[in-house]
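Visitor: prediction below, plus the sequence it came from.
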Amino acid sequence: MKKAVLVAFDNFTDIDIFLAWDLLNRVRRRDNEFVVKIVGTDTSHKSNCGIDLATHGFIEECNDADLVFFGSGVGVRTVIKDSAYLDRFKLNPDKQIICSMCSGALIIAALGHLKGLSATTYPTVFELLRSYGVEVLEDKHLVTHGNIGTAAGCLAAVDLMGWAIEKLYNEKIREDVIASVLPVGQGQACLY
């Protein structure tokens, strides 16, 4: 059984969590043992747009997940300053796929997993990410190193999740999932 967790926090960016959630659950339709969960520090978190999102568990579930996804949002600036929050993560990029959208890269950096690497993020946090000693690639929407991936611009989640799905499963499942969300004429007919 494989498990993916999406980390929510107060003031997360809606599209980051919901787009990743949808794409990963399309994988689950091919592997009914694949578990996809939204986790946080509370039983629910409120998005930037005001949606109360119930969580399925707590952030400690990240520590044994196969795939860990950090979205972005105004709330990132709060959690990266909270050492008690960060201490709850015991991630291992040698054994886990760890990825982020936009400012979510700041969480990976705050956890120490971007040291000596390049990454991308949303332009409003380029300098903050650099302050962690990360080489910021301003013109790339997806940057990967081994099991770590960062993406910038909410719709880059399609490529980020495609990369993660292929690492977790294979190219065929990635192609099928991504084709199912492409605009008509660019992919395949949606079978859902």
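Guide: Alright, I've got the coordinates.
Visitor: tell me the phi and psi of the most centrally placed residue in the chain?
Guide: What sits nearest the mean C-alpha location of the chain, by Cα atoms, centre = their mean, is residue 69, with 2.7 Å. When quoted as degrees, to the nearest 10, the phi and psi of residue 69 stand at phi -120, psi 130.
Visitor: also residue 32?
Guide: Phi and psi for residue 32, reported as degrees, to the nearest 10, are phi -70, psi 0.
Visitor: kindly report the same for residue 174.
Guide: Backbone geometry at residue 174, expressed as degrees, to the nearest 10, gives phi -60, psi -50.
Visitor: circling back to that earlier point, show me what contacts the residue nearest to the centre of the chain?
Guide: Residues near residue 69 by Cβ atoms under 8 Å, 6 or more residues apart in numbering: 4, 5, 6, 7, 20, 99, 100, 101, 104, 164. Placement of C-beta: from N, CA and C, glycine included.
Visitor: likewise residue 138?
Guide: Residues near residue 138 by Cβ under 8 Å, 6+ apart: 120, 123, 126.
Visitor: returning to what we had before: now the residue nearest to the centre of the chain. Nearest residue, chain neighbours left out?
Guide: Take residue 69 and drop its neighbours on the chain: the residue closest to it by Cβ to Cβ, 6 or more residues apart in numbering is residue 6, 4.6 Å away.
Visitor: quick one: name whatever helix or strand follows the helix ranked longest in the chain.
Guide: Scanning the chain for the helix with the most residues, using DSSP state H, yields helix 14-28. Of the helices and strands lying after helix 14-28 in sequence (DSSP states H and E), the nearest is strand 35-40.
Visitor: immediately after that following strand, which helix or strand?
Guide: Counting by DSSP H and E, what follows strand 35-40 is strand 44-46.
Visitor: may I see the buried residues of that following strand?
Guide: 45, 46 (16 or more other Cβ atoms under 10 Å).
Visitor: make 50 the starting number, not 1.
Guide: In the new numbering, first residue 50, that becomes strand 93-95.
Visitor: so how far is that strand off the chain centroid?
Guide: Relative to the centre of its chain, strand 93-95 is centred 17 Å away, using Cα atoms, centre = their mean, to the nearest Å.
Visitor: ok, stretch 148-166 next?
Guide: The answer for stretch 148-166 is 11 Å, by Cα atoms, centre = their mean.
Visitor: same check, this time on stretch 65-81
Guide: 12 Å.
Visitor: looking at it now, give me its mean pLDDT.
Guide: Across stretch 65-81, pLDDT averages out at 94.
Visitor: buried residues in it?
Guide: 65, 66, 67, 68, 69, 70, 71, 72, 73, 75, 76.
Visitor: what sits against residue 86?
Guide: Contacts for residue 86 (Cβ under 8 Å, 6+ apart) come out as 52, 53, 54, 55, 104, 105, 106, 110.
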